[in-house]
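Q: Whatever this is, show me its structure:
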Amino acid sequence: MGASVASTGGGSGGRRKRGRRKGPIADINMTPFIDVMLCLLIIFMVAAPLLTAGVPLDLPKAEANALNQDKDPLTISVDGKGDIYLQETKVSLDEVVPRLTSIAQAGYDERVFVRGDKAVNYGQVMQVMGRISGAGFKKVALITDPEK
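A: Okay, here's the model as predicted:
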């Protein structure tokens, strides 16, 4: 009889108790991390278009397709008042060519984009392009907005 009493042992001797954990929880709560990542994604999606153009211009419309480019070209901008900018730095007409030659990493094969405001005189934009082409730069292009 003693052996049978020891084998039953009260009914819960070998089982674990459910509902109570003794150690720390090892799960990582991912919800705050995902919330922060989504907020950062939205911020960068809104901020990225604001970083593209340096000098605000009202470009003329054209039906030409966009150029395929692998690196950023040098940009000359002529705003509505006739001021000339190299990248985002204001320069005079006489300073355009010396500054271009000092900045151009690929020499005279560097791509140069000329952006002219639609309100500026066409002759002034052509004067800037003439100086750049006359200096020996071979890849000079006008930039326009695509027509809808």
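Q: Phe137: what secondary structure?
A: The local conformation at Phe137, judged by DSSP: H, G, I helix; E, B strand; the rest coil, is coil.
Q: Tell me who's in contact with it.
A: 100, 104, 108, 110, 112 (Cβ atoms under 8 Å, 6 or more residues apart in numbering). Where C-beta positions appear, they are placed from N, C-alpha and C, glycine not excepted.
Q: what do you get for Val96?
A: Per Cβ under 8 Å, 6+ apart, neighbours of Val96: 76, 84, 86, 128, 131-132.
Q: What separation do you get for Val120 and Glu95?
A: Per Cβ to Cβ, to the nearest Å, Val120 is found 18 Å from Glu95.
Q: try Lys139
A: Counting by Cβ to Cβ, the gap from Lys139 to Glu95 is 21 Å.
Q: Asp35 falls within a strand, correct?
A: No: Asp35: not assigned to a strand; according to three-state DSSP it is helix.
Q: ok, it - contacts?
A: So Asp35 contacts nothing (Cβ under 8 Å, 6+ apart).
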